[in-house]
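K.L.:
Here is a sequence together with a model predicted from it:
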Amino acid sequence: MPRLGDVCRHIRSKNAGPFWITVDLFFRDDESYRSYKDDPNISARCFAKLYGADESLIKLIQVDSLRVVKVSYPRPKPQGWQGERDMHAGQQYVSLLDVELAAA
């Protein structure tokens, strides 16, 4: 089974304000994008499980012209709280690299 890290040329996570994080999945080519953009493992349910976010608040946006899937989810606590370990959310994408996708 292919992994998300195999079918994307770049995956990044970033701060989207004090209460949100955004992940961008940049697919390698048109074929990969078409095959996997609707994969059940790239869903609100998957992100809720991985990041402990409320599934009903997760936003998924497909940008066909760029072959990108953007996912935004609420932070568990506001940015900068005392136990913050990734203030800019730049390391949150790592959990996604090994997510297995359904066969195309």
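P.N.:
Nice, thanks for sending it over. Numbering: from 1, shown residues only.

K.L.:
who's in contact with Ala89?
P.N.:
Neighbour list for Ala89: Ser13, Lys14, Asn15, Ala16, Ile21, Thr22, Arg75 [criterion: C-beta atoms under 8 Å, 6 or more residues apart in numbering]. To be clear about C-beta, it is placed using only N, CA and C from the backbone, and glycine gets the same treatment.

K.L.:
closest to Val68 among those residues?
P.N.:
Nearest to Val68 out of the contacts of Ala89 is Thr22 (C-beta to C-beta; 11.0 Å).

K.L.:
and that closest one, how far is that from Tyr73?
P.N.:
Counting by C-beta to C-beta, to the nearest Å, the gap from Thr22 to Tyr73 is 8 Å.

K.L.:
Those two: which has the busier surroundings?
P.N.:
Between Thr22 and Tyr73, counting by other C-beta atoms under 10 Å, Tyr73 is the more crowded of the two (25 against 18).

K.L.:
Quick check: closest non-adjacent residue to the more buried one.
P.N.:
Of all residues not flanking Tyr73 in the chain, Ala53 sits nearest, at 4.0 Å (C-beta to C-beta, 6 or more residues apart in numbering).

K.L.:
Now do that neighbour against Gln79, distance only.
P.N.:
Taking C-beta to C-beta, one finds Ala53 at 15 Å from Gln79.

K.L.:
now swap in Ile21 and tell me
P.N.:
Using C-beta to C-beta, Ile21 is found at 9 Å from Gln79.

K.L.:
rewinding a little: the residue nearest to Tyr73 belongs to a strand?
P.N.:
No - if the criterion is DSSP: H, G, I helix; E, B strand; the rest coil, then Ala53 is coil and not within a strand.
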